[in-house]
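**Student:** mind folding the following:
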Amino acid sequence: MSLNLDSETIIIKCPHCSVKFEETISRLKYEPKLYCPHCKRHVGVNLLELYTVLESVKKSSDDLLKKLLARPNGRNLT
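**Tutor:** Sure thing, here's the model as predicted:
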C-alpha cells in the first residue's frame with residue numbers, strides 16, 4: 001500500500017516578504033515555479049528536498065502500517 005500525499009497542503013513562507021501561504025504537494029511536484037501571492041516575487045522550490053521528504057514519509061508510514069498489522073505471534077492480519 002502506497003501513501004499518496006499529492007492532495008495534502010504545505011505552508012510556504014516567502015523568503016522575500018515572510019508571508020505564509022499554502023500549496024498542494026501535487027502543485028509543487030508538477031509545477032514548481034511559485035510566486036508569492038502577496039509580493040508577487042519568485043519563490044524557489046527545492047524538488048530534491050521535497051521528493052526526499054516525501055519518500056521518507058512514505059517509508060515511515062509503510063513501516064508503521066506493517067507494525068500495526070502484525071499479530072503478536074508474528075503473523076499478519078491480511
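
**Student:** show me the strands in the chain, by range?
**Tutor:** Here the chain has its strands, by DSSP state E, at 9-13, 20-24, 34-35, 42-43.

**Student:** how about the contacts made by the spatially most central residue of the chain?
**Tutor:** What sits nearest the mean C-alpha location of the chain, by CA atoms, centre = their mean, is L54, with 4.9 Å. For L54, the contacting residues are 5, 25, by CB atoms under 8 Å, 6 or more residues apart in numbering. Where you see a C-beta, it was placed from the backbone N, CA and C, and this is true even at glycine.

**Student:** average pLDDT for the longest helix seen in the chain?
**Tutor:** Taking DSSP state H as the criterion, the chain has its longest helix at helix 47-69. Helix 47-69 shows a mean pLDDT of 90.

**Student:** CA atoms only for that helix, dumped as PDB, please.
**Tutor:** Extracted C-alpha coordinates of helix 47-69, given in PDB (Å, rounded to 0.1, in the frame of the first residue of the first chain):
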ATOM      1  CA  LEU A  47      12.500  19.500  -5.700                       C
ATOM      2  CA  LEU A  48      15.200  17.200  -4.500                       C
ATOM      3  CA  GLU A  49      14.400  18.100  -0.900                       C
ATOM      4  CA  LEU A  50      10.700  17.700  -1.500                       C
ATOM      5  CA  TYR A  51      11.000  14.300  -3.000                       C
ATOM      6  CA  THR A  52      13.400  13.100  -0.300                       C
ATOM      7  CA  VAL A  53      11.000  14.200   2.500                       C
ATOM      8  CA  LEU A  54       8.000  12.600   0.700                       C
ATOM      9  CA  GLU A  55       9.900   9.300   0.300                       C
ATOM     10  CA  SER A  56      10.900   9.300   4.000                       C
ATOM     11  CA  VAL A  57       7.200   9.900   5.000                       C
ATOM     12  CA  LYS A  58       6.000   7.100   2.700                       C
ATOM     13  CA  LYS A  59       8.600   4.700   4.100                       C
ATOM     14  CA  SER A  60       7.800   5.600   7.700                       C
ATOM     15  CA  SER A  61       4.100   5.200   7.100                       C
ATOM     16  CA  ASP A  62       4.600   1.800   5.400                       C
ATOM     17  CA  ASP A  63       6.800   0.600   8.300                       C
ATOM     18  CA  LEU A  64       4.100   1.800  10.800                       C
ATOM     19  CA  LEU A  65       1.300   0.000   8.900                       C
ATOM     20  CA  LYS A  66       3.300  -3.200   8.900                       C
ATOM     21  CA  LYS A  67       3.800  -3.000  12.700                       C
ATOM     22  CA  LEU A  68       0.100  -2.200  13.200                       C
ATOM     23  CA  LEU A  69      -1.000  -5.200  11.100                       C
END
